[in-house]
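Peer 1: Quick one, what's the 3D model for this:
(2 chains)
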Amino acid sequence: MKALRHIVIIGDSYAAWMAAAYLGHSLKALDGRQLTQVSLVTTGTPQSRRALSAPPSFRAFNARMGLSEAQLLTEAMALPFYGSQYDGFGAETFWRAFGDYGVRLNTAPFHHFLTWQAQQTGMVDIDDYAPAVKLAASGRFTPPVSAMESPLSGVGHGLNLDAAAYGRLLKTASPMVRVIEGTPSGFRRDGLGKVSAIQLGGGQTVEADFFIDADGWLTEQRNVPFVAADGLFHDRAIEVGAPHANERAANHITIVDGGFMLRRPVGGEDRIRLVYDSRQMTADQARNLLGDMGAEAEIETFVQGRRTAFWQDNVLSIGEASGVLDGIGLHELMFIQHELTQFLALFPDQENRPELAREYNRVLTQSFDRTADFARLHYAESGWSESVRQKVSYFRSRGYIQMLDDETASEADFLSLLWGRGIRPERYDRTIDALDKTLTLKRLEQMRNIINHEINRLPSFAILRQQIEQAASGRA
Amino acid sequence: MTDYNDKKIKRVLIVGGGTAGWISAASLSHLYNHADLNIRLVESQEIATVGVGEATVPHIRYFNARLGLDEREFMKSTQATFKLGNEFRNWGREGLRYAHPFGAFGESVAGVGFHHHWVRAHKKGLASEIGDYALSVQMMNKARFALPDKDPQSVLSTFSYAYQFDAYLYAAYLRKYSEARGVLRTEGKVTHVEQHPETGDVTAIQLASGERIEADLFIDCTGFHGLLIEQTLKTGYEDWSHWLPNDRAWAVNCEIREGHLPLTRNTAHKVGWQWRIPLQHRLGNGYVHSSAFIDEQDALDTLMNNLEGPTLTEPKLLKFVTGKRKKQWNKNVVAIGLSSGFLEPLESTSIHLIHLAVTNLVEMFPDRDFRDEDRDEYNRIMSMEYTRVRDFLILHYHATERTDSEFWNYCRTMDIPDALKYEMDLFRQRAVVVNYKQKFFLEPSWLSVYFGQGVMPDSYDPLSERLNDAELEALMVRTKSRIDQAVGAMPSNGAFLEAYCPGSVTPEKALH
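Peer 2: Residues are numbered from 1 along each chain as shown, chains lettered A, B, ... in the order given. All right, here's what the predicted structure looks like:
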């Protein structure tokens, strides 16, 4: 087994820096040796103004690169959030947050009790059983709670951050990554057809035994086919900053004609991102929707879909080079994290081992398609894939949430969205009928009371946000 | 609400007792309201049950806990012993022995799974055999036992255990449990099955006594015969015997002579293999073989010549075809147990597959309108589980160097399912075990068989090199020593069993 000598990452984006930092740190031996040299070719392309949202697991991912949450808060404009409020996606507003609903009272998944309660009493509010939603909606905050008996033990916060600031932080935290400035203009293949070097505009040649394309250039040059995602039509985005609108650790996503508007707090401001379908909304209409703030903002264009293979020969495509979705599922950082951890789990050596790429492509293309399905579930039924239809049909029929291989959304995510969109199970798990009705109603009430009691004791998020922003500005 | 109640299934009829029938009855009677769901079971003492699966896998403990069973009482009632895994002899090649434990090999270090470090250390001559780094393998090797610890910091958290018991007593135990919860048992032989003239659904059965029993949902636990699922509904069977050619098993009980080992032993012969399952009071033995490669008398002789003590019963011959029903749930009939399919007991999965079927049936429990989505999802999940267990079993036969018989030559050179080939190719390249959501046997199980049968990967995770050679060697020494120390402090399996279930072990055997 001969370790790779040199990996070259191409790109300027946060995805490129995530790859560089993650591999740079992961390929460092416990005694300080660098197993493989990691370099990043940067073209110096300015990055769009862009906020990103990450799930709770993102904190552990960064810890692996030696980055603490405090650093993310002060240097990547990060702010914690628990979930998102959705307006216009169903008959009523609803929430999706990081955490489960209720506690099992028998073998049936808890959400069957919601259907049961609705049938018994004529009313149920799913959010009453979701501590993370309560935290988000009430504008309160708690550091992670480890005591298993607490209703807050299953709750974690994600982070909203600024993509460019995060990229800069990763660069600072990864001194082992060699930065090469230049614009790729061509590439060379070896006798086996593998890429052996890329040529830069100034005539410089960068040789390596593995390449990671976070820019899309090398993927495009090598003609890796792209397949558009059926039923997902948004193809433009425009993002602006605005003063904080409220004091909640939460995002707010609102449907507008032809798209959606995502508002999320990052350090120092809120970011408002309008994502739309250019066939239904013109650029002027989009700018007008954002008012004065939108006048000068850059419009991003994209096509939703993915490459047919993410890893071919000795080139891996990551981030937007591998696939693009409109961001309704807040999946971007999670997906890159997934790509990098899977790549590391199947990390190649100098030998030609096509089995590794095959397995990577099997898992990642399937994960991408599942993520796309989760996005489709937000929109009109006409755009649903067969697998989404099946999921909805199972849930509607009996409250069953079908979880397949390589899902990227959790069961709670599906429950929030299905329920929120007004899809109600016709039946609940019959094992509930074996429980004492009065006692079960009482236990449900206790559950609601305990959650409320715990939440109401917590400090407000506003205080934390001010502390974070003061620390960040002090550092700046 | 009224409409929904009208649609609810009110009557479930389980046809066939035995292990599958009584597991189904016990689960349903525990989970559903007796007043709301009438559960009946029809069985005939004239029809012998197969009594599959004396050996189990750890999931049975969760299943028992769900029923609220007391472990000691359960073990006493079923003559149960502890099981830490399966021991395989002569599989990869003659003379080779390995264990497939219910436990982990070492622990991840520097973000890399232990087995990658072990492969590297092994290639460098810095490690002994992989089993030296699994607590449960050492417990098996030294016949020691202790209960696992929930503290993840403790080495005792790295293993699990199952049971070996008398399947007839297990069925009897669950019968008592079920009857106490309102299940009505009817003795009788089914003489006729009635179907709805339009839908083809089963509507009732008639017994030899003349009694006619109607139901909404039928659970077919009639064994290989598949009275409802096959004889009545003609569901069809997917035959897998070209991959798993064994189709016969001789079974006989004998006295225990070797002491109480916390394991099931599966010894390969020139054709097929022989099981050894120690219970408290006797030893279960069986010889699984292929009639295409050995005749019945030779097979019987092979079994009788390889017993460790005097026999206690007459040998019994079982015939089967490995495979599964094309649909395990068809119309209003759910097949559970041998009527749903058969996978040989090489990895003790029979009872687990029954538990799984019941658990999934509860999750998809239908109403009288029998919606397609309930049936389809049940069939999808069960089919996937059967198929993935099948592939794991095939691995045992295919990954062999044996050339001493036509049987092994066939198994070694046969075409295998694409999914298994995919998994084996990936493992051979880089010691990677594919992970699926519906996959009962996880990474440690696959590693046991791969390594145990001599499938060594070409390479390992390059990130293992994050440890230098000295750190690698220290990791191997530290892991082994921690395990040796923990096992050294444990009582013998026999002594533990006797203390846990007094009267279960004779004094001289407790020493082993």
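
Peer 1: Is it correct that residue A:199 is in contact with residue A:180?
Peer 2: No: taking Cβ atoms under 8 Å as the definition, residue A:199 is not a contact partner of residue A:180, at 12.0 Å. No exception for glycine: its C-beta is placed from N, CA and C like everyone else's.

Peer 1: Give me the common contacts of those two.
Peer 2: Taking Cβ atoms under 8 Å, 6 or more residues apart in numbering or on different chains as the criterion, residue A:199 and residue A:180 both touch residue A:206.

Peer 1: Let's test this: mean pLDDT of stretch B:399-413, rounded?
Peer 2: What stretch B:399-413 shows for mean pLDDT is 98.

Peer 1: CA atoms of it as CSV?
Peer 2: The C-alpha trace of stretch B:399-413 is given here as CSV (Å, rounded to 0.1, in the frame of the first residue of the first chain):
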residue,chain,number,x,y,z
ALA,B,399,-14.9,-18.1,0.5
THR,B,400,-13.1,-21.4,0.8
GLU,B,401,-9.9,-23.0,-0.3
ARG,B,402,-11.3,-26.5,0.1
THR,B,403,-10.7,-28.8,-2.8
ASP,B,404,-11.3,-32.1,-1.1
SER,B,405,-14.8,-32.9,-2.5
GLU,B,406,-17.2,-32.1,-5.3
PHE,B,407,-19.3,-30.2,-2.9
TRP,B,408,-16.6,-27.7,-2.0
ASN,B,409,-15.4,-27.5,-5.6
TYR,B,410,-18.9,-26.5,-6.6
CYS,B,411,-19.3,-23.9,-3.8
ARG,B,412,-15.9,-22.5,-4.4
THR,B,413,-16.4,-22.0,-8.1
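
Peer 1: What part of the chain, helix or strand, is modelled with the least confidence?
Peer 2: Picked chain A for this. Least confident element among the helices and strands of chain A, by mean pLDDT, DSSP states H and E: helix A:461-475 (a mean of 86).

Peer 1: how far is that one from where the chain is centred?
Peer 2: Using Cα atoms, centre = their mean, to the nearest Å, the distance from the centre of helix A:461-475 to the centre of the chain it belongs to is 24 Å.

Peer 1: Of all the residues in that helix, which ones are buried?
Peer 2: A:461, A:462, A:464, A:465, A:468, A:469, A:472 (16 or more other Cβ atoms under 10 Å in any protein chain shown).

Peer 1: for the fifth one, what are its contacts?
Peer 2: Taking Cβ under 8 Å, 6+ apart as the criterion, residue A:468 is in contact with A:73, A:74, A:79, A:267.

Peer 1: ok, and the closest non-adjacent residue to the first one?
Peer 2: I take that to be residue A:73. Closest residue to residue A:73 apart from its sequence neighbours, by Cβ to Cβ, 6 or more residues apart in numbering or on different chains: residue A:468 at 4.9 Å.

Peer 1: Kindly report the same for residue B:155.
Peer 2: Per Cβ to Cβ, 6+ apart, closest to residue B:155 is residue B:486, 4.9 Å.

Peer 1: buried ones in the helix or strand hosting that neighbour?
Peer 2: Element membership for residue B:486, per DSSP states H and E: helix B:469-488. Across helix B:469-488, burial judged by 16+ other Cβ under 10 Å covers B:472, B:473, B:475, B:476, B:479, B:480, B:482, B:483, B:486, B:487.
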